[in-house]
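Asks: after the sequence you'll find the predicted model.
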Amino acid sequence: MPRHRSISPIPNAPHTSRQIGRQAWSDEEEQIWREAVVAVLRAHLLATVRADGRLAHRNGSLGAHLNAYIRKL
């Protein structure tokens, strides 16, 4: 199986992803990430599920289900 070459976002830039160690996320970064995820879920998930139509019979409880899901995050 042929190996795929990684593509650098900057032409002719050295690939440094393997040279830099991974850094753990700080508590502040985790909170920022969670807030962004919750904002996207609240803004788009219900509309997407309603547009899909397969859960139309659950329309009255979608918001409650979303809130319960977000509390688990």
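Replies: All right, it came through fine. Residues are numbered from 1 along each chain as shown.

Asks: so residue 23, which of the three states?
Replies: Look at residue 23: counting by DSSP: H, G, I helix; E, B strand; the rest coil, its state is coil.

Asks: need the phi and psi values for it.
Replies: phi -120, psi 130 (degrees, to the nearest 10).

Asks: quick one: low-confidence ranges for this protein?
Replies: The chain contains residues with pLDDT under 70 at 1-20.

Asks: make it 50
Replies: Along the chain, the model assigns pLDDT under 50 to no residue.

Asks: so which residue is dead centre in the protein?
Replies: Taking CA atoms, centre = their mean as the criterion, residue 37 is the residue nearest the geometric centre of the chain, at 6.0 Å.

Asks: my guess is that residue contacts residue 72, does it?
Replies: No - the pair residue 37 / residue 72 is not scored as a contact, 11.8 Å apart, by CB atoms under 8 Å. No exception for glycine: its C-beta is placed from N, CA and C like everyone else's.

Asks: spit out the contact partners of the residue nearest to the centre of the chain.
Replies: residue 73 (CB atoms under 8 Å, 6 or more residues apart in numbering).

Asks: where's it relative to residue 24, distance?
Replies: 18 Å (CB to CB, to the nearest Å).

Asks: try residue 53
Replies: Counting by CB to CB, the gap from residue 53 to residue 24 is 42 Å.
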